[in-house]
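In: below are the sequence and a predicted model; questions follow.
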Amino acid sequence: MGEAATGWRAVLWREARAVGAVTLYFLFCFGVILALKKLFLADYDIEVYALSTAVVSALIAAKVVVTLDHTRAGTRFDASRALVLAVVYKTVIYGVVGFGVLFAEELFHAYRASGGLGDAVTTLWAHRNRNVILAKAICVGLTFAGYHLYTGIDRQLGEGTLRRLLGRPAGGAEPGKERRHG
């Protein structure tokens, strides 16, 4: 029993780290988007409080990414195409799936409010705002693209290499070590 519990703990810890790191990335990106939205709307004296939405959206986006990264759709072009093509492909696929998940969530809330699926779809259609939908799609697409570009470069350099490089001083020497010029 002890080995099984240790095995489960290791799996849970690995999954929490994987989802946690991705969630932090999306939380940062969505936080920046939220701050920009708040700044833009301040000129019109419109208050925006959507931190909980940013947190939930980051969790949803992270789970979509971690799940799709383990599927054929998420790895289809990793080994056979140029990095830029794999990034564009993944950004589109993950964006469509993310949009579907968020649409399903909105449909669920509309269904609970209206009591019928037809009424829920009608309500969503009547209250759509193409500009807001397009803005959200662009922002989410850019966050997915940034994520896939980073992970693609890191995978090509060797897992963790890019993170270590980004943590080094700009001169290229590792912290605590001096560069030799000769």
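Out: All right, it came through fine. A quick note: this is a predicted structure, and the numbers were derived from the prediction, not measured.

In: let me see the ranges of the helices in the protein.
Out: In the chain, the helices defined using DSSP state H lie at 2-42, 51-68, 72-75, 83-114, 117-126, 130-157, 161-167.

In: highest mean neighbour count out of these?
Out: Greatest average neighbour count among those goes to helix 51-68 (a mean of 17), per mean count of other CB atoms under 10 Å. Using the backbone N, CA and C atoms, a C-beta is placed for each residue, glycine as well.

In: below-threshold pLDDT in this protein: ranges please.
Out: Within the chain, the ranges that satisfy pLDDT under 70 run 1-5, 172-182.

In: the same query, at a cut-off of 80, please.
Out: 1-6, 18, 49-50, 102, 105, 128-130, 133, 170-182 (pLDDT under 80).

In: OK, contacts around the closest residue to residue 146 other than its chain neighbours?
Out: Nearest in space to residue 146, with sequence neighbours left out and distances taken as CB to CB, 6 or more residues apart in numbering, is residue 29 at 7.1 Å. Residue 29 sits next to 58, 139, 142-143, 146 when contact means CB atoms under 8 Å, 6 or more residues apart in numbering.

In: of those residues, which pair is most distant in space?
Out: 58 and 142 (14.5 Å; CB to CB).

In: which residues touch residue 107?
Out: Neighbouring residues of residue 107 by CB under 8 Å, 6+ apart: 120-121, 124.

In: quick one: which of those residues is nearest to residue 86?
Out: residue 124 (33.0 Å).

In: which residues does residue 153 contact?
Out: Residue 153 neighbours (CB under 8 Å, 6+ apart): 83, 162.

In: that should have said residue 121, apologies.
Out: So residue 121 contacts 107, 110 (CB under 8 Å, 6+ apart).

In: distance check, it against residue 139.
Out: Separation of residue 121 from residue 139 (CB to CB, to the nearest Å) stands at 25 Å.

In: same thing with residue 94?
Out: With CB to CB as the criterion, residue 94 and residue 139 are 14 Å apart.

In: again with residue 91
Out: 12 Å.

In: swap in residue 111?
Out: From residue 111 to residue 139 the distance is 26 Å (CB to CB).

In: circling back to that earlier point, let's have the contacts of residue 29 in CSV, adding distance to residue 43.
Out: Listed next are the contacts of residue 29 as CSV, based on distance: CB to CB, whole Å:
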residue, distance to residue 43
58, 27
139, 19
142, 23
143, 25
146, 27
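
In: now residue 15, nearest residue through space, not along the chain?
Out: residue 66 (7.9 Å).

In: so the one you found makes contact with residue 17?
Out: No: Residue 66 is beyond contact range of residue 17, at 10.6 Å (criterion: CB atoms under 8 Å).

In: which residues touch the residue nearest to residue 123 when sequence neighbours are not counted?
Out: Sequence neighbours aside, residue 110 is the residue nearest to residue 123 in space, at 4.8 Å (criterion: CB to CB, 6+ apart). Taking CB under 8 Å, 6+ apart, we find residue 110 in contact with 119-121, 123-124.
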